[in-house]
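Undergrad: my questions are about this predicted structure, shown below with the sequence.
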Amino acid sequence: MTATDPPAAHVVLLATGGTISSRASAAGGAIASDTGGQLFASLGSSASFPVRVVDVFQKGSYLLTVDDMIAICVKIKEVLEDPQVLGVVVTHGTDTMEETAYLVDLTHNDHRPVVFTGAQHAADSASPDGPDNLSRAIAVAGSPDARGRGVLVAFAGTIFPAPGLRKSHTTSLNAFANPDFGTAGHISATGEVSIQGAPAGLEPLPLPGPEAGSPRVDLVAAYPGADSTLLHAAVQAGAAGIVLQGTGSGNANAKLCPEVAAATSAGVIVVTSTRVDAGAVIPIYGAGGGADLRAAGAIPSGLIRPSQSLVLLSLLLRLGTPPTRIAEVFAERGRSPDQSR
């Protein structure tokens, strides 16, 4: 099916580029080039549900901005205005899939599923994994069991919830993990969908309009020997928000904490996350640790890792959210699944 020949009940495929659409270029290196129609044609067999294809853009996800991710959110809402749509599949690069899927999940206010997928091997490789991932994602998007589950990621046979998702390997076909929030189920090669558990059920956030602008949010890392130079530079560059990637349970050092205090006093929102794969950010330590960061005005991210903390903070700033409410939202969204219910 094509975008001009929609079936009565169908899944919409939104193509945005990524490795799944990439081929070797004359200039060197692989670039996103295949259209959504070409991706769908690569299945070589019938999909589990009729599919209507819509091209959004053709970009490697390492090139995307938050504004690009918002554009994907807007397109999803547009296609879901059609009551005949069973669900949506978004083909997307794996580099920043965790960011875009999370932004869509934060703003998704429809019971019909949105399922992200992609590939680790390019479309013209000897063994592309994109067609199999796409076929399975279509099965999930059309499945009644996926309804009410928010945004999911279907990759290499595993279904993940978007919150907590992380790309965990640069080259393996099993590219993703979700250490804190776990998996949502599995999808077989024949399209049999098995989904367990229940979503957290948090209220969706609104999508910002174009008048919201693009407030700058920077990511700054704490590391052995780090001083305040990069954090100060972010403030001087006009950052409205900063995500501090701390060590351990969300720690920095005695040089970074005074700069955090100066930033928050100037109205910059600072959120503390961690480089550690799993576990919550918990303000425990003094002498430049997490307790001092909290005293300096930083907001702990809970279970939200740096990549998704940046997305959530960017969205909240675009919505003009007051600092006290930003702290509340991070506390709500950063809880474990059991605490969120």
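TA: Looks like it arrived, so ask away.
Undergrad: all helices for this protein, in order.
TA: 36-41, 66-79, 97-107, 130-142, 229-236, 256-265, 290-295, 306-318, 323-333, 337-340 (DSSP state H).
Undergrad: redo those as TSV? Include distance to G185.
TA: Every C-beta, even on glycine, is put in place using the N, C-alpha and C of the backbone. Below are the helices of the chain laid out as TSV (distance: least, C-beta to C-beta, whole Å):
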stretch	distance to G185
helix 36-41	23
helix 66-79	21
helix 97-107	16
helix 130-142	8
helix 229-236	39
helix 256-265	40
helix 290-295	34
helix 306-318	21
helix 323-333	22
helix 337-340	14
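Undergrad: so which of those is nearest T16?
TA: Judged by C-beta to C-beta, the one of those that comes nearest to T16 is helix 66-79, at 6.2 Å.
Undergrad: which strands and helices sit next to that closest one?
TA: Counting contacts by 3 or more C-beta pairs under 8 Å, 6 or more residues apart in numbering; DSSP states H and E, helix 66-79 packs against strand 10-17, strand 51-59, strand 85-91, helix 97-107, helix 306-318.
Undergrad: residues making contact with stretch 189-202?
TA: For stretch 189-202, contacts defined as C-beta atoms under 8 Å, 6 or more residues apart in numbering pick out 48, 132, 135-136, 139-140, 143, 145-146, 148-150, 157, 159, 161, 163, 182, 184-187, 332-333, 337, 340-341.
Undergrad: give the buried residues for it.
TA: 191, 193, 195, 199-200, 202 (16 or more other C-beta atoms under 10 Å).
Undergrad: check stretch 315-334 too.
TA: For stretch 315-334, by 16+ other C-beta under 10 Å, it's 315-319, 321, 326-327, 329-330, 333-334.
Undergrad: what is the end-to-end distance of that stretch?
TA: This stretch, stretch 315-334, spans 15 Å end to end (C-alpha to C-alpha, to the nearest Å).
Undergrad: same check on stretch 183-192?
TA: Across stretch 183-192, the terminal residues are separated by 16 Å (C-alpha to C-alpha).
Undergrad: quick one: mean pLDDT over it.
TA: Here stretch 183-192 scores 95 as its mean pLDDT.
Undergrad: chain center to it, what's the gap?
TA: Stretch 183-192 has its C-alpha centroid displaced from the chain centroid by 21 Å (C-alpha atoms, centre = their mean, to the nearest Å).
Undergrad: before we move on, what about stretch 254-273?
TA: Remark: stretch 254-273 is offset 25 Å from the chain centroid, using C-alpha atoms, centre = their mean.
Undergrad: next, the buried residues of that stretch.
TA: Result for stretch 254-273 [16+ other C-beta under 10 Å]: buried residues 256-257, 259-264, 268-273.
Undergrad: format those as TSV; extra columns: pLDDT and distance to A280.
TA: Output for the buried residues of stretch 254-273, formatted as TSV (pLDDT from 0 to 100; distance: C-beta to C-beta, whole Å):
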residue	pLDDT	distance to A280
L256	98	20
C257	97	20
E259	97	24
V260	98	19
A261	98	23
A262	98	26
A263	98	23
T264	98	21
V268	98	23
I269	98	19
V270	98	18
V271	98	13
T272	98	11
S273	98	10
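Undergrad: a markdown table for these, including distance to S25?
TA: Output for these, formatted as a markdown table (distance: C-beta to C-beta, whole Å):
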| residue | distance to S25 |
| --- | --- |
| L256 | 42 |
| C257 | 47 |
| E259 | 43 |
| V260 | 43 |
| A261 | 48 |
| A262 | 46 |
| A263 | 42 |
| T264 | 45 |
| V268 | 40 |
| I269 | 40 |
| V270 | 40 |
| V271 | 38 |
| T272 | 41 |
| S273 | 36 |
